[in-house]
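# Task: produce atomic coordinates for the following.
(chains A and B)
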There are 2 protein chains.
Amino acid sequence: MPAALVKQLQAVVGPRGWSMAPDVLEKHNSEARNKFTGQAELVLYPASTLEVAKCVKLCHDAGIALVPQGGNTGRCGGAVADQGQILINLARMDKILETDARDFTMTVQSGAILQNIQQTAEEHDLLFPLSLGAQGTCQIGGNIATNAGGLNVIRYGNTRDLVLGLEVVLADGTIWNGLSKLRKDNTGYDLRDLFIGAEGTLGIITACTLKLFPRPRHLATAWVALPNVEAALDLLALARRDTGDAIAAFELMSQFAQDLAVRHLPNCVAPLQTRAPWYAMIEITSSRPKDNLLPVLENVLEYALESGFILDGTVAQSEKQRTNLWAIREGIPEAQTREGGSIKHDVSVPVSAVPALIERGIEQAQKRIPGIRPCPFGHVGDGNIHFNFSQPENMPKADFLTHWDALNRDIHDIVAELGGSISAEHGIGRLKVAELEHYADMAKIRLLKTLKQAIDPENILNPGKVVAHK
Amino acid sequence: MPAALVKQLQAVVGPRGWSMAPDVLEKHNSEARNKFTGQAELVLYPASTLEVAKCVKLCHDAGIALVPQGGNTGRCGGAVADQGQILINLARMDKILETDARDFTMTVQSGAILQNIQQTAEEHDLLFPLSLGAQGTCQIGGNIATNAGGLNVIRYGNTRDLVLGLEVVLADGTIWNGLSKLRKDNTGYDLRDLFIGAEGTLGIITACTLKLFPRPRHLATAWVALPNVEAALDLLALARRDTGDAIAAFELMSQFAQDLAVRHLPNCVAPLQTRAPWYAMIEITSSRPKDNLLPVLENVLEYALESGFILDGTVAQSEKQRTNLWAIREGIPEAQTREGGSIKHDVSVPVSAVPALIERGIEQAQKRIPGIRPCPFGHVGDGNIHFNFSQPENMPKADFLTHWDALNRDIHDIVAELGGSISAEHGIGRLKVAELEHYADMAKIRLLKTLKQAIDPENILNPGKVVAHK
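This next block holds a predicted model:
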């Protein structure tokens, strides 16, 4: 790094706005799964959009690349810097700028922690529905840059669907102020959605205006036993109709996944006596003041039982019962680690293709690794199954994990044949650049490269992520 | 037009696939409001995506521009061709390809008529919520290219929010197959939303996969009298919460607008005795089998009355009463034409800024044209007011209409100050290219031009619309 540039950058952000300390850098250079280790020797913490813009302009003019970073909770190497690249972390830009209960909007700086946004909405008796495991640490800018998914997608959509406006610093340091609260706006191409999901390769998001919703006042939660995956789809369609599209969560899991949670976790009790190959959890919510959701959900289960979609089912009658249901569902990843090594996939297919994905995926995995124990679970309403596999009981964990890439390719081949996606919620980052190029058609790859080259011609912003520059 | 190119194009689309007949061309060259007249001497009717691709490639290689056209119901000159340009009309590509009730999706060719899509959804007991005046004629490809709004945006979003996947022919004739049914997909930049709302300037949409929803089984409709516009926002926020976000329509109108409809249209009766400066119509819907929406809406009105948000209100007790309410609301444009000339605006502002827009807009209009009669009405939940003005009673219509551009500029200035949009639902087309360039900041205009040049470098697709090429 040119010493003069470093000095100029330090002058822009001030003494609290940067670090070159090895222990600080180590934190920023490492990622959750330890698949990637960054090499940055300088991290910047700008305190304002103007500071971001000045830093980008300096780096642009010096030809030095910048890697934007939020809460660093990603898993695909999207916020990992190469040698000679500079990290720009938005942690100091964490302000909630405005909450407007009549607009149902909130405007925040992009370093705001997701959980703070959720809580602020709640204080206004409103809901910001984005909800995911890392919410206590992740920043909204990172959620937007990766178009994060999470638990509420079936009802409220992906992060993309929750954003009304953005402020973005472009590759040459220009600020684009698209911080709109508008619900309808047809003035030219959709710049907002171009930056959402671009993983910081087209611009650095510095602020955003988010959609808020009425806060649910009632909820009802059920656990059902299913004869097969097909039945889950019939139940889902029935429940969408008969609850008035009030489904907040619809989570499928195999018997093995449920049993792992019950076996390994304290205070988890199997909700049903009935043994079945598949279980599902359904939660519905409503913000009506006088709603009564229990009979609504019970009627769905009754009709599903008559129609053969479910073998058995129960609706939680207390908060304690409900907590138990969620503990099972949310405990599956933890329970799976206690069972040994796992190979995982972040894939989605059309909802109607979920049964084919699971059947063909399991068959192929068992062919590759006899004794492998499939542990599929997840958001069936989004076609987004966490297609996890636990190791065979008597295989050393390390041996099992050598099959990671080969099994990924097997599953991705099936996903591609079913019209699915090899990255449902986690993005491409550095991890899947080659995989994306392998599966996407030529027209798409050419368009992606055209966009990157047009909007960041000098390749200053997060180079090597999402798509190669040339 | 080069004769050789015309011959090649005719060979691609076959004898039924083109016309040079003056009477046929006249229909395609004229637009609803007669603001623009096209000059095309050849219209193509390709029958397949491959034919579209071949036509585009031939024109691209010959350097001749193409103007895509759907049902030709736009109002901004977006589908109007210049001398030497060729129209490509999608009318023959009108097939419904697939409806999947478990995916809640429908895949159609882009020439499919909106009303046919709505009806096909209904036959599957599902809803395609896009709904607008031209639905019997407009094509879904045109709706997508202009990101059409309409009546149901408050509940279901704009056209953009209803599209899962697209197939697009690019400027060099390449076909991009993005016909995805996926609810979650993070594999690279969001190409889909780049083509939505681009008015055919970046690619020609040939097919799409649409989102469907459960069909409402119940509805309830109310008419209320309001002391002022501020109260409409309080009522809207209350109704969003207390109906469980079940609002399908929330339409505000001035007393003048209501009275015009009642005066000029047969069988329209004022729903309330109470005279008030503003009225609103609210409709809520639900697909639950056993729902009872009347008390839900009555409770909202009761609380609104206690809180002073409304002066009076009534909930329709029969289908006949409901029809009367809709007849008033939908009759306003027709009633306004019977009252003489009107000057109109397609604008939106943040929901919370609607009162300021109306107050300041009326003040400014009365300053410019004393005696002008404001007739604002529309989708207050989207911040999208049809800000119409009727002529003063004793002014000749032609004199009044000479003020069109100046009054537009007055209102657009106020809209811009309030963070609003000068094109809420109709798009830019040819009509507002200069207006967009006037109001948008430099960074935005530069990005729009960068995108156009990168994706259509030869300026083959609908040149001169949305944004100038250089």
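# State whether A:Leu219 is indeed within a strand.
Yes - the assignment for A:Leu219 (DSSP: H, G, I helix; E, B strand; the rest coil) places it in a strand.
# looking at the sheet around it, what are its partners?
Beta-bridge pairing of A:Leu219, defined through DSSP bridges, involves A:Thr285.
# Do I have it right that it meets A:Leu294?
No - in this structure, A:Leu219 sits apart from A:Leu294 without contact. The criterion is Cβ atoms under 8 Å, and the distance is 9.9 Å. (Glycine included, C-beta is placed from N, CA and C.)
# Now the closest residue to A:Leu44 other than its chain neighbours: phi and psi?
Taking Cβ to Cβ, 6 or more residues apart in numbering or on different chains as the measure, A:Leu44 lies nearest to A:Ile88, with 4.8 Å between them; neighbours along the chain are not counted. Torsion angles at A:Ile88 (phi, psi; degrees, to the nearest 10) stand at phi -120, psi 110.
# State the distance from A:Ile88 to A:Gly200.
9 Å (Cβ to Cβ, to the nearest Å).
# And those two? Which one has more around it.
For A:Ile88 and A:Gly200, the more surrounded residue by other Cβ atoms under 10 Å in any protein chain shown is A:Ile88, and the numbers stand at 29 against 26.
# that older thread, what touches both of A:Ile88 and A:Gly200?
With contacts taken as Cβ atoms under 8 Å, 6 or more residues apart in numbering or on different chains, A:Ile88 and A:Gly200 have A:67-68 as neighbours in common.
# any idea which helix is longest in chain A?
Here the longest helix in chain A is taken by residue count, with DSSP state H as the criterion, and it is helix A:319-338.
# Could you list the residues in contact with it?
Counting contacts by Cβ under 8 Å, 6+ apart, the residues touching helix A:319-338 from outside are A:219, A:221, A:223, A:251, A:253, A:257-258, A:260-265, A:267-269, A:271, A:281, A:316, A:342, A:375, A:377, A:386, A:388, A:390.
# for stretch A:446-458, same thing?
With contacts defined as Cβ under 8 Å, 6+ apart, stretch A:446-458 is touched by A:60, A:63, A:170-171, A:194, A:201-203, A:440, A:459, A:466-470, B:170, B:174, B:176, B:188-189, B:191, B:447, B:450-451, B:453-455.
# same thing but at 6 Å, please
For stretch A:446-458, the external contacting residues (Cβ atoms under 6 Å, 6 or more residues apart in numbering or on different chains) are A:171, A:202, A:467, A:469, B:188-189, B:191, B:450, B:454.
# partners of the helix or strand following the longest helix of chain A, with directions?
Next along the chain after helix A:319-338, taking DSSP states H and E as the criterion, comes strand A:342-343. With DSSP bridges as the test, strand A:342-343 is paired with strand A:384-390 (antiparallel).
# tell me the mean pLDDT over the helix or strand following the strand it pairs with?
Using DSSP H and E, the next helix or strand after strand A:384-390 towards the C-terminus is helix A:397-401. Mean per-residue pLDDT for helix A:397-401: 96.
# Can you point out the buried residues in helix A:397-401?
Applying a neighbour-count criterion of 16 or more other Cβ atoms under 10 Å in any protein chain shown, one finds A:400-401 buried in helix A:397-401.
# Just the CA atoms of that helix, as CSV, please.
Once side chains and other backbone atoms are set aside, the C-alpha atoms of helix A:397-401 remain, and they are given as CSV (Å, rounded to 0.1, in the frame of the first residue of the first chain):
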residue,chain,number,x,y,z
LYS,A,397,-15.3,-37.0,10.6
ALA,A,398,-12.2,-35.9,8.6
ASP,A,399,-12.7,-38.7,6.0
PHE,A,400,-16.3,-37.7,5.6
LEU,A,401,-15.5,-34.0,5.1
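# now what about it, what contacts it?
Counting contacts by Cβ under 6 Å, 6+ apart, the residues outside helix A:397-401 that touch it are A:340-341, A:391.
# same thing with stretch A:366-384?
Residues outside stretch A:366-384 that contact it (Cβ under 6 Å, 6+ apart) are A:153-154, A:232, A:236, A:250, A:252-254, A:256-257, A:332, A:336, A:348-351, A:354, A:358, A:362, A:365, A:385-390, A:392, A:403, A:424, B:183-184.
# Out of those residues, which sit inside strands?
A:250, A:252-254, A:385-390 (DSSP state E).
# Grab the two from those residues that are most spread out in space.
Pairwise distances across these (Cβ to Cβ) peak at 23.6 Å, for the pair A:Phe250 and A:Ser390.
# on that earlier part again, please tell me how far the residue nearest to A:Leu44 sits from chain B.
Distance from A:Ile88 to chain B, counting by Cβ to the nearest Cβ, to the nearest Å: 19 Å.
# quick revisit: which one of the ones in strands among the contacts of stretch A:366-384 is nearest to chain B?
Here the nearest of these to chain B, counting by Cβ to the nearest Cβ, is A:Ile385; it sits at 10.6 Å.
# Report how many residues lie close to A:Val262.
By other Cβ under 10 Å, the residues close to A:Val262 number 17.
# give the contact list for it.
By Cβ under 6 Å, 6+ apart, the residues touching A:Val262 are A:268, A:270.
# do A:His264 as well
The contact partners of A:His264, taken as Cβ under 6 Å, 6+ apart, are A:335, A:338.
# What does the pLDDT read for A:Leu151?
pLDDT, the model's per-residue confidence, is 84 for A:Leu151.
# which residue packs closest to it, ignoring adjacent ones?
According to Cβ to Cβ, 6+ apart, the nearest residue to A:Leu151 is A:Ser131 (4.8 Å).
# how many neighbours does that neighbour have?
19.
# Walk me through the domains of chain A.
In the domain annotation for chain A, the residue ranges read A:3-89, A:96-214, A:218-338, A:340-417 (automatic domain parsing).
# buried stuff in the longest helix of chain A?
Of the residues in helix A:319-338, those scored as buried under the neighbour-count criterion (16+ other Cβ under 10 Å) are A:322, A:324-325, A:327-329, A:331-333, A:335-336.
# Flag every residue of the stretch 201-350 of chain A that's near chain B.
Within reach of chain B by Cβ under 6 Å from any Cβ of the partner chain, the stretch 201-350 of chain A has these residues: A:214, A:233, A:237, A:240-242, A:244-245, A:286-289, A:348, A:350.
# scratch that, the stretch 51-200 of chain A is what I was asking about
Counting by Cβ under 6 Å from any Cβ, the residues of the stretch 51-200 of chain A close to chain B are A:100, A:102-103, A:147, A:149, A:174, A:176, A:181-191, A:193, A:197-198.
# In helices only, show me those.
Using DSSP H, those in helices are A:191, A:193.
# Now list the buried members of the residues of the stretch 51-200 of chain A next to chain B.
For those, burial is judged from neighbour counts taken by 16+ other Cβ under 10 Å, and it is met by A:100, A:102-103, A:147, A:149, A:174, A:176, A:181-191, A:193, A:197-198.
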